[in-house]
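>>> Provided below are the primary sequence and the corresponding predicted coordinates.
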Amino acid sequence: MSQLALPLQLADHAVFASFLPKGNEELTAALIAVANSSSGSGCWIWGGGASGKTHLLQAVCERAGDRSVYVPLAMLAGAGPGLIDGLDSRELVCIDDLHEVVGDPAWERALFTLYNDLLASGGQLFGFFGILLALPAAAVLSVLIRFAYNRYLKEQP
């Protein structure tokens, strides 16, 4: 299986130096620490529109360099969940706009598989050193609850 090359470029301005962390100093420091190392405990970030989630995700990828990949689902979700196949080879996967695929069973399975593959390969949630998700907390819970419920139903006789 070959990995799809994503023709993406990070925004030039999306670096930590240009982010105004007022009120988010701890988050910014944690993201910088993860971007600078190959360890971390994982993180999901969320916030309202124009709160800087995309800026921070891209700043993490810019700082981490080739160890990372940025996946903007608002732009790429239409390509299908096969788009994220093989991303577990990266230390840090930053997925933006996850709300674009919430409720789509194929995407939810692919994301859950990516999560597990990253964990199995020594990654951590955040990068796993792995996957950093910027989305509303309700969307995360919705995906996890729906997946667990469907798995429960499949295991029942």
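That came through, no problem.
>>> now this structure, which segments are flagged as low pLDDT?
With pLDDT under 70 as the threshold, the chain has low-confidence stretches at 1-8, 38-42, 122-143.
>>> would you state the strands of it in chain order?
Here the chain has its strands, by DSSP state E, at 43-45, 68-72, 92-96, 131-134.
>>> remind me what the second one packs against, helices and strands.
So that's strand 68-72. Using 3 or more CB pairs under 8 Å, 6 or more residues apart in numbering; DSSP states H and E, the elements in contact with strand 68-72 are helix 53-64, strand 92-96. To be clear about C-beta, it is placed using only N, CA and C from the backbone, and glycine gets the same treatment.
>>> packing partners for the first one?
Read that as helix 53-64. With contacts defined as 3+ CB pairs under 8 Å, 6+ apart, the packing partners of helix 53-64 are helix 25-36, strand 43-45, strand 68-72, strand 92-96, strand 131-134.
>>> next, the angle from the third one to helix 25-36.
The one in question is strand 68-72. Here strand 68-72 runs at an angle of 120 degrees relative to helix 25-36 (axes from the mean of the first three to the mean of the last three CA atoms, to 10 degrees).
>>> just the CA trace of strand 68-72, in CSV.
Output of strand 68-72 as CSV, limited to C-alpha atoms (Å, rounded to 0.1, in the frame of the first residue of the first chain):
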residue,chain,number,x,y,z
SER,A,68,4.3,15.5,11.7
VAL,A,69,1.5,15.8,9.2
TYR,A,70,-1.4,18.3,9.2
VAL,A,71,-4.8,17.0,7.9
PRO,A,72,-7.5,19.7,7.3
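>>> can you list the strands that that strand pairs with?
strand 92-96 (parallel) (DSSP bridges).
>>> next, the angle from the partner strand to helix 53-64.
For strand 92-96 against helix 53-64, the angle by the same axes, to 10 degrees is 160 degrees.
>>> just give me how far stretch 78-96 sits from the chain centre.
Centroid separation between stretch 78-96 and its chain, computed with CA atoms, centre = their mean, to the nearest Å, is 8 Å.
>>> distance between the ends of that stretch?
In stretch 78-96, first residue to last residue: 14 Å (CA to CA, to the nearest Å).
>>> now it: buried residues?
Within stretch 78-96, the residues scored as buried using 16 or more other CB atoms under 10 Å are 81, 83-85, 87-88, 90-96.
>>> what do you get for stretch 17-36?
Within stretch 17-36, the residues scored as buried using 16+ other CB under 10 Å are 19, 24, 28, 30, 31, 32, 34, 35.
>>> could you export it as CSV, CA atoms only?
Extracted in CSV, the C-alpha atoms of stretch 17-36 (Å, rounded to 0.1, in the frame of the first residue of the first chain):
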residue,chain,number,x,y,z
ALA,A,17,5.6,33.2,17.8
SER,A,18,2.5,34.8,16.1
PHE,A,19,-0.1,33.2,18.4
LEU,A,20,-1.4,35.4,21.2
PRO,A,21,-1.7,32.9,24.1
LYS,A,22,-3.6,35.2,26.6
GLY,A,23,-5.7,32.9,28.7
ASN,A,24,-4.2,29.8,27.0
GLU,A,25,-0.6,30.0,28.2
GLU,A,26,-0.7,26.4,29.7
LEU,A,27,-2.0,25.0,26.5
THR,A,28,0.5,26.8,24.3
ALA,A,29,3.4,25.7,26.6
ALA,A,30,2.1,22.1,26.4
LEU,A,31,1.9,22.2,22.7
ILE,A,32,5.4,23.6,22.3
ALA,A,33,6.8,20.9,24.6
VAL,A,34,5.1,18.2,22.5
ALA,A,35,6.2,19.7,19.2
ASN,A,36,9.8,19.8,20.6
